[in-house]
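Asks: Pasting the sequence and the predicted model now:
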Amino acid sequence: QVQLVESGGGLVQAGGSLRLSCAASGGTFSRYTMGWFRQTPGKEREFVAAISSNGGSTNYADSVKGRFTISRDNAKNTVYLQMNSLKPEDTAVYYCAAKRSSLITIATGYDYWGQGTQVTVSS
């Protein structure tokens, strides 16, 4: 059983930056594909980014390419999401997730989820 805890959310002005962190415990972190998702009220959860278990491969939603960067530190059991050039439409609750599957281009199949962290971008 893997537990995931996100942190780093907050309020930022448009054009600003935030870095989200997700700390994992209870499993072998280096075996899991990690992903970030986001959700706003009344909408379905949206895939943001994913990273392979060894960090060698990444995948991004078109809406965040060139602005967001996913990375991981397997020694610290932590995955990060660096968010730059933030826009009001990036406002959402951001969730990290873990899955055993190595398919980072597939936005489904995640086994474990964190509780989420709020990101609010003001215009």
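Replies: Nice, thanks for sending it over.
Asks: Give me the below-cutoff pLDDT ranges for the chain.
Replies: Counting by pLDDT under 70, not a single residue of the chain qualifies.
Asks: how does it look with 90?
Replies: Along the chain, the parts satisfying pLDDT under 90 run over 1, 27, 101-107.
Asks: List the beta-bridge partners for residue 81.
Replies: For residue 81, the beta-bridge partners under DSSP bridges are residue 20, residue 70.
Asks: so what's it up against?
Replies: For residue 81, the contacting residues are 19, 20, 22, 36, 48, 49, 68, 69, 70, 94, 96, by C-beta atoms under 8 Å, 6 or more residues apart in numbering. To be clear about C-beta, it is placed using only N, CA and C from the backbone, and glycine gets the same treatment.
Asks: Setting aside sequence neighbours, what's the nearest residue to the residue positioned nearest the centre of the chain?
Replies: In the chain, the C-alpha nearest the mean C-alpha coordinate belongs to residue 36, at 2.3 Å (C-alpha atoms, centre = their mean). Take residue 36 and drop its neighbours on the chain: the residue closest to it by C-beta to C-beta, 6 or more residues apart in numbering is residue 48, 4.3 Å away.
Asks: what about stretch 29-40, distance to the chain center?
Replies: Relative to its chain's centre, stretch 29-40 lies at 5 Å (C-alpha atoms, centre = their mean, to the nearest Å).
Asks: again, but for stretch 6-18
Replies: 13 Å.
Asks: about what we covered before: compare the contacts of residue 81 and tell me which has the most neighbours.
Replies: Among the contacts of residue 81, the one with the most neighbours (other C-beta atoms under 10 Å) is residue 96, at 30 neighbours.
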